[in-house]
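> The following comprises the amino acid sequence and a computationally predicted model.
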Amino acid sequence: MAIIIKTDEEIDLMRKSGHLLAKVHEELKAAVCPGVSTLELDEIGEKTIRALGGIPNCKNYEGFPASVCISVNDEVVHGIPSADRILQEGDIVTFDTGLIYKGYHSDAARTWGVGKISEEAQKLIDVTRESFFEGIKKARVGNRLHDISRAIDDYITPHGYGIVRELTGHGIGTHLHEDPMVPNYRQLRRGVKLQKNMTICVEPMITMGNRKICWLDDDWTVVTMDGSLAAHYENTIAITDGEPEILTLEWS
Ligand code: MF3
Ligand code: CO
């Protein structure tokens with residue numbers, strides 16, 4: 001599949017899709033507290049997506065059973081919401097979710113602390129988020145795709161954290177996953193030239209320990225092999241003439 005460059009009209013629709021998704025993340029964040037189950041959080045996510053006129057794009061994606069991937073502590077991504085999974089003070093929780101609006105997808109992930117968390121856990125969350133912003137500084141016409149990857153790696157690696165390699169960011173548009181893949185670690189080649197109106201998801205997945213991951217028997221939940229904490233931060237962005245536009249950013 002080739003990279004699909006969007007028209008300005010398509011970017012408008014993706015901007016709208018992204019703004020709605022930012023609201024969903026605001027609602028999810030506000031609902032995080034000790035004692036809430038990940039199933040309740042998924043229900044809040046799905047209700048909000050539908051109330052805003054969107055369609056959840058995770059639900060039934062290759063059989064995924066929920067609208068929000070909810071991953072706790074050593075779970076990296078694609079945790080399945082469950083009534084039995086109750087958030088505890090000190091946990092960290094990642095929401096990875098997206099929606100379709102008028103045929104256009106948006107996709108974003110956030111990691112939050114539950115109540116008071118350790119300084120180390122907060123630092124992992126902060127550095128993961130910062131690495132996204134370091135990466136997208138390179139997301140400009142004139143640069144290559146893997147300049148983004150290298151910038152993320154250069155920011156994360158001195159912290160001693162692991163960068164997950166088996167999962168990457170991706171193009172996005174009328175499909176949740178389009179070309180190109182967007183790795184979060186240094187590549188041998190510079191990758192494709194960035195062009196105006198390319199739309200991609202940049203989504204570093206960072207571990208406090210070793211970068212090695214494995215899949216649980218549910219075939220979805222990705223966990224760190226060493227049991228260390230993991231954080232994830234993702235936005236859908238559009239390449240422009242100047243600074244990249246982040247389509248899924250909350251304003252509050
Ligand atoms: N939102 C995820 C991504 O970043 C995809 C989730 S697929 C699901 O690409 F099926 F697990 F929901
Ligand atoms: Co994504």
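Good, I have the coordinates. Ligands and ions are numbered 1, 2, ... in the order given.
> Tell me if I'm right that Ile55 and Ile49 touch.
Yes - between Ile55 and Ile49 there is a contact under C-beta atoms under 8 Å: 7.2 Å. Just so you know, the C-beta spots here come from the backbone N, C-alpha and C atoms, and that holds for glycine as well.
> Overlap of the contact sets of these two?
Leu99 (C-beta atoms under 8 Å, 6 or more residues apart in numbering).
> For the two, indicate the residue with more neighbours.
A direct count of neighbours by other C-beta atoms under 10 Å for Ile55 and Ile49 places Ile49 higher, at 27 against 15.
> Phi, psi for the more buried one please.
The phi and psi values for Ile49, taken as degrees, to the nearest 10, are phi -60, psi -50.
> Tell me the spacing between it and Thr199.
19 Å (C-beta to C-beta, to the nearest Å).
> Next, count neighbours for the closest residue to ligand 2 within the stretch 1-150 of the chain.
Taking C-beta to the ion as the measure, the stretch 1-150 of the chain has Asp107 as its residue closest to ligand 2, at 4.2 Å. Residues within reach of Asp107, counting by other C-beta under 10 Å, total 26.
> tell me which element the nearest residue to it once chain neighbours are set aside falls in.
Ranked by C-beta to C-beta, 6 or more residues apart in numbering and with sequence neighbours excluded, the top spatial neighbour of Asp107 is Gly98, at 3.7 Å. Per DSSP states H and E: Gly98 is located in strand 92-101.
> How far away from the center of its chain is that strand?
7 Å (C-alpha atoms, centre = their mean, to the nearest Å).
> in it, what counts as buried?
The neighbour-count check on strand 92-101 (16 or more other C-beta atoms under 10 Å) flags 92-101 as buried.
> and it, which strands flank it?
Paired with strand 92-101 in the same sheet, following DSSP bridges, are strand 55-56 (antiparallel), strand 68-72 (antiparallel), strand 104-113 (antiparallel).
> Could you list every helix and strand that the helix or strand just after the last one packs against?
Beyond strand 104-113 in the direction of the C-terminus, DSSP H and E gives the next helix or strand as helix 119-136. With contacts defined as 3 or more C-beta pairs under 8 Å, 6 or more residues apart in numbering; DSSP states H and E, the packing partners of helix 119-136 are strand 92-101, strand 104-113, helix 145-156, strand 199-202, strand 205-207, strand 230-232, strand 235-238.
> Save those as a markdown table, and put in mean pLDDT too.
Formatted as a markdown table, those follow (pLDDT from 0 to 100):
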| stretch | mean pLDDT |
| --- | --- |
| strand 92-101 | 99 |
| strand 104-113 | 99 |
| helix 145-156 | 98 |
| strand 199-202 | 99 |
| strand 205-207 | 99 |
| strand 230-232 | 99 |
| strand 235-238 | 98 |
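> Compare the ones you listed and give me the one nearest Met1.
Closest to Met1 of the helices and strands packed on helix 119-136 is strand 199-202 (C-beta to C-beta; 13.8 Å).
> neighbouring contacts of the closest one?
6, 11, 14, 107-108, 132, 135-136, 139, 145, 148, 152, 169-173, 180, 182, 234-239, 247.
> mind listing what's buried in it?
In strand 199-202, counting by 16+ other C-beta under 10 Å, buried: 199-202.
> cool, stretch 64-79 as well?
64, 66-79.
> Any part of it near ligand 2?
No - in terms of C-beta under 5 Å from the ion, no part of stretch 64-79 sits within range of ligand 2; the closest distance is 8.9 Å.
> got the buried residues for stretch 184-193?
184-185, 191.
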